[in-house]
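Undergrad: task: produce atomic coordinates for the following.
(2 chains)
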Protein chains: 2
Amino acid sequence: MDFTIRAATLEDCKDISRMIMELAEYEKLSDRVKVTQRDLEQDGFSKNPFFHGIIAEVPEKHKSKEGHTKVGYSLYFYTYSSWKGRAVYMEDLYVMPEFRGKGIGKALMSKVAQLGLAAGCNQLDFTVLDWNKPSLDFYLSQGCLDITANIGYHCMRCEGDALERLAQGDT
Amino acid sequence: MDFTIRAATLEDCKDISRMIMELAEYEKLSDRVKVTQRDLEQDGFSKNPFFHGIIAEVPEKHKSKEGHTKVGYSLYFYTYSSWKGRAVYMEDLYVMPEFRGKGIGKALMSKVAQLGLAAGCNQLDFTVLDWNKPSLDFYLSQGCLDITANIGYHCMRCEGDALERLAQGDT
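TA: All right, here's what the predicted structure looks like:
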């Protein structure tokens, strides 16, 4: 199947928002999604954007059952490792279920790697849920390392009231 | 003990580089550090920096055995969660061993939280090594969540030849 990978624009935020929700449903965590189409427009497409995006698109003749031609996306941003230097972080990689197995996910990830290398990055980082065996197997088949399993890194988060208290210094 | 927390400048890169190495030695992974003082100067203090830094400094009279007054640092940058929106990532948090237990680490982390909230961030993310019990206990005492243990997130990485192959699309 033909598909193209291109940089996301402001006009893609509606579809990105739809697919973020589809991905969260797949991950069984959709009640945690607070980001709206408007947030994406503001945070990704203003001066000093917080993220960048790429979109996978199929021709009109291959559109999805619901009529979508934008069938996959990845959000990424540049980060920094104090050991390795410039890095790129892939926040999401998603392809709609009926378009899987056609190389679209791999093409999206390959594009993020290309963009990262072009920006001087030495590593591509991301996270995966440990029960998501198909994704984990795919990433391992691409030569990626599970540095939680191999080195013992744990992802930590501070949010909500705990973040406010931390900022106020009164914990 | 008096100490101040302030934004890092180009002139701090020598001390940041020294402390990055000290932290890596503590983490038993110092052979992995490739970042030089020059890299830090270029990547953190040019247009569109890849990271920001803050420094903990003590008065001259409290300097370390080796004569250092810059005794702790944190590197951070802004990221994005497709569920929660704007986020801040704390890449490193370090205080020299002889200055621990005086609230310097907490003050550094509190500053990163303040800066994140001021920028509209909803969460502060970071990683910790699972054997580093003192750090893990400190973070948990501050209300942080271990989302690897609680939700199952694994940190994944692609680097070196695997990253090149991924970018070329020939894996």
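Undergrad: which residue ranges of chain A form strands?
TA: With strands called from DSSP state E, chain A shows them at A:4-7, A:52-57, A:70-81, A:85-95, A:123-129, A:145-146, A:153-159.
Undergrad: test my guess that residue A:167 contacts residue B:110.
TA: Yes: with contact defined as CB atoms under 8 Å, residue A:167 and residue B:110 form a contacting pair (6.1 Å). (Glycine included, C-beta is placed from N, CA and C.)
Undergrad: okay, residue A:171: pLDDT?
TA: The predicted local confidence for residue A:171 comes out at a pLDDT of 53.
Undergrad: tell me who's in contact with residue A:148.
TA: When contacts are counted by CB atoms under 8 Å, 6 or more residues apart in numbering or on different chains, residue A:148 touches A:154, A:155, B:148, B:153, B:154, B:155, B:156.
Undergrad: how about 7 Å then?
TA: Taking CB atoms under 7 Å, 6 or more residues apart in numbering or on different chains, we find residue A:148 in contact with A:154, B:148, B:154, B:155.
Undergrad: what about the last one, neighbour count?
TA: Neighbours of residue B:155 under the rule other CB atoms under 10 Å in any protein chain shown: 21.
Undergrad: quick check, pLDDT for it.
TA: Confidence score, pLDDT, at residue B:155: 98.
Undergrad: I'd assumed residue A:152 was in contact with it.
TA: No: counting by CB atoms under 7 Å, residue B:155 sits too far from residue A:152 to count as a contact (9.8 Å).
Undergrad: what stretches of chain A score poorly on pLDDT?
TA: Within chain A, the ranges that satisfy pLDDT under 70 run A:170-171.
Undergrad: let's go with 80 and repeat that
TA: Within chain A, the segments meeting pLDDT under 80 span A:1, A:27, A:170-171.
Undergrad: how about the helices in it?
TA: Assigned by DSSP state H, chain A shows helices spanning A:13-26, A:37-44, A:104-118, A:133-141, A:147-151, A:160-168.
Undergrad: okay, those helices, which one's buried deepest?
TA: Stretch with highest mean neighbour count among the helices of chain A: helix A:104-118 (a mean of 20; mean count of other CB atoms under 10 Å in any protein chain shown).
Undergrad: that helix to strand B:153-159, inter-axis angle?
TA: Regarding helix A:104-118 and strand B:153-159, their directions subtend 60 degrees when assessed with axes from the mean of the first three to the mean of the last three CA atoms, to 10 degrees.
Undergrad: and helix A:104-118, how far out from the chain middle?
TA: Its chain's C-alpha centre and that of helix A:104-118 lie 11 Å apart, by CA atoms, centre = their mean, to the nearest Å.
Undergrad: so what's the residue count around residue A:11?
TA: Here the count is done by other CB under 10 Å, and residue A:11 has 11 residues near it.
Undergrad: now do it against chain B, distance only.
TA: 18 Å (CB to the nearest CB, to the nearest Å).
Undergrad: from the centroid of chain A, which residue is nearest?
TA: The residue lying closest to the centre of chain A (CA atoms, centre = their mean) is residue A:92, at 1.4 Å.
Undergrad: that residue reaches residue A:24, doesn't it?
TA: No: distance between residue A:92 and residue A:24: 9.6 Å, which falls outside the contact criterion (CB under 7 Å).
Undergrad: any common contacting residues for those two?
TA: When CB under 7 Å, 6+ apart defines a contact, no residue borders residue A:92 and residue A:24 alike.
Undergrad: is it true that residue A:15 touches residue A:71?
TA: No: Residue A:15 is beyond contact range of residue A:71, at 8.9 Å (criterion: CB under 7 Å).
Undergrad: residue A:71: neighbour count?
TA: When neighbours are defined as other CB under 10 Å, residue A:71 has 25 of them.
Undergrad: enumerate every residue touching it.
TA: When the contact criterion is CB under 7 Å, 6+ apart, the partners of residue A:71 are A:56, A:58, A:64, A:95, A:96, A:99, A:104.
Undergrad: which of those are buried? Put it as a ChimeraX command.
TA: A single ChimeraX command selects the buried members of these (16 or more other CB atoms under 10 Å in any protein chain shown):
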select /A:56,58,95,96,99,104
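Undergrad: which residue packs closest to residue A:30, ignoring adjacent ones?
TA: Closest residue to residue A:30 apart from its sequence neighbours, by CB to CB, 6 or more residues apart in numbering or on different chains: residue A:24 at 4.1 Å.
Undergrad: looks like that neighbour contacts residue A:35 (just checking).
TA: No: taking contacts as CB under 7 Å, residue A:24 lies outside contact range of residue A:35: 9.8 Å.
Undergrad: shared neighbours, these two?
TA: Overlap of the contact sets of residue A:24 and residue A:35 (by CB under 7 Å, 6+ apart) consists of residue B:83.
Undergrad: show me the contacts for residue A:17.
TA: Residue A:17 makes contact with A:36, A:37, A:40 under the criterion CB under 7 Å, 6+ apart.
Undergrad: try it again with 8 Å
TA: Neighbouring residues of residue A:17 by CB under 8 Å, 6+ apart: A:35, A:36, A:37, A:40.
Undergrad: ok, now which ones touch the second one?
TA: Remark: with contacts taken as CB under 8 Å, 6+ apart, residue A:36 is in contact with residue A:17.
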